[in-house]
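*Asks:* Sequence and predicted model, in that order:
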Amino acid sequence: NAGVTQTPKFQVLKTGQSMTLQCAQDMNHNSMYWYRQDPGMGLRLIYYSASEGTTDKGEVPNGYNVSRLNKREFSLRLESAAPSQTSVYFCASSERGGTEAFFGQGTRLTVV
Amino acid sequence: AQSVTQLGSHVSVSEGALVLLRCNYSSSVPPYLFWYVQYPNQGLQLLLKYTSAATLVKGINGFEAEFKKSETSFHLTKPSAHMSDAAEYFCAVTSFSGGYNKLIFGAGTRLAVHP
């Protein structure tokens, strides 16, 4: 079982460039999350999806967009990357909202 | 919306000593609470969870946590620390906002274990 798979694992962007972080889960979960992890800040929720076709803003949504096109996949897009978006990004999924979440291995993004 | 506060961003213990990592939550209703562990350069792994059953919850690797409603706390303990316990630990709570239940994390506590 792959669980939650994130791609890419590492990425360096120049300021103003765009990119999409991909996430897929094979556990038939309804809920999916995108978090960012910064030193001393813990994990902060960027966006949440309760089910296919639904998304909701989290604590720090500015500068990001998401897409939940099907049950398996939940992508995070940076339209115009900024140095403040340098972080480690984690995707997670759970059977339903607020229950035990399973995490991917993370994407380490650096914006220069 | 609910939140969690982890007291102490860094905790250092000797091998064999008691581990105590503190977590307090704010919630007007009985919450679901979780402890996760993160080893270097890895994702998060569930240690244990409280879902309104027994107040003393046992998890993996000898960890346990006690839900205390009167103190709004869910502290993580382990009787005897091992070197392999060195990692970052996160407390999380179910939070209802925007019409959905979401999982919200604390700032984390980095545990160092010394020989």
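*Replies:* Received it, and whenever you're ready, just let me know what you need. As the structure is a prediction and not an experimental result, all values here were calculated from the model. Numbering: from 1, shown residues only, chains lettered A, B, ... in the order given.

*Asks:* which residues touch the closest residue in space to A:L109 that isn't next to it in sequence?
*Replies:* Once flanking residues are discounted, A:L109 sits nearest to A:Q11: 5.1 Å by C-beta to C-beta, 6 or more residues apart in numbering or on different chains. Backbone N, C-alpha and C define where each C-beta goes, glycine included. Residues near A:Q11 by C-beta atoms under 8 Å, 6 or more residues apart in numbering or on different chains: A:M19, A:L21, A:T107, A:R108, A:L109, A:T110.

*Asks:* what helix or strand does the residue in chain A positioned nearest to chain B sit in?
*Replies:* Ranked by C-beta to the nearest C-beta, the top residue of chain A for proximity to chain B is A:G98, at 3.2 Å. Assigned by DSSP states H and E, A:G98 belongs to no helix or strand.

*Asks:* which residues touch it?
*Replies:* The contact partners of A:G98, by C-beta under 8 Å, 6+ apart, come to B:Y32, B:T94, B:S95, B:F96, B:N101, B:K102, B:L103.

*Asks:* Next step: those residues restricted to strands.
*Replies:* Of the positions in the contacts of A:G98, B:T94, B:S95, B:F96, B:N101, B:K102, B:L103 sit in strands, assigned by DSSP state E.

*Asks:* how near is the second one to chain A?
*Replies:* I take that to be B:S95. Going from B:S95 to chain A by C-beta to the nearest C-beta, to the nearest Å gives 7 Å.

*Asks:* Who is that residue paired with across the strands?
*Replies:* When bridges are called by DSSP bridges, B:S95 pairs up with B:K102.

*Asks:* give the contact list for the residue of chain B most remote from its centre.
*Replies:* Here chain B reaches farthest from its C-alpha mean at B:G99, the gap being 25.5 Å by C-alpha atoms, centre = their mean. Counting by C-beta under 8 Å, 6+ apart, B:G99 touches A:D56.

*Asks:* Let me see the confidence value for it.
*Replies:* Here the pLDDT value assigned to B:G99 is 79.

*Asks:* quick one on the thing from earlier: secondary structure element holding the residue nearest to A:L109?
*Replies:* Going by DSSP H and E, A:Q11 is part of strand A:10-13.

*Asks:* What strands line up against that strand, and which way round?
*Replies:* strand A:107-111 (parallel).

*Asks:* ok, now which ones touch A:A81?
*Replies:* A:A81 touches A:L13, A:K14, A:T15, A:G16, A:Q17, A:S18, A:M19, A:L109, A:V111, counting by C-beta under 8 Å, 6+ apart.

*Asks:* Then B:F67?
*Replies:* By C-beta under 8 Å, 6+ apart, the neighbours of B:F67 are B:L33, B:Y50, B:T55, B:L56, B:V57, B:S73, B:F74.

*Asks:* quick one: buried residues of the strand or helix carrying it?
*Replies:* Using DSSP H and E, B:F67 falls within strand B:64-68. For strand B:64-68, burial by neighbour count (16 or more other C-beta atoms under 10 Å in any protein chain shown) applies to B:E64, B:A65, B:F67.

*Asks:* Put the alpha carbons of that strand into PDB.
*Replies:* Coordinates of the C-alpha atoms in strand B:64-68 are reproduced here as PDB (Å, rounded to 0.1, in the frame of the first residue of the first chain):
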ATOM      1  CA  GLU B  64       0.400   7.000  26.600                       C
ATOM      2  CA  ALA B  65      -1.700  10.100  27.200                       C
ATOM      3  CA  GLU B  66      -4.500  11.000  29.600                       C
ATOM      4  CA  PHE B  67      -7.500  13.100  28.700                       C
ATOM      5  CA  LYS B  68      -8.400  15.500  31.500                       C
END
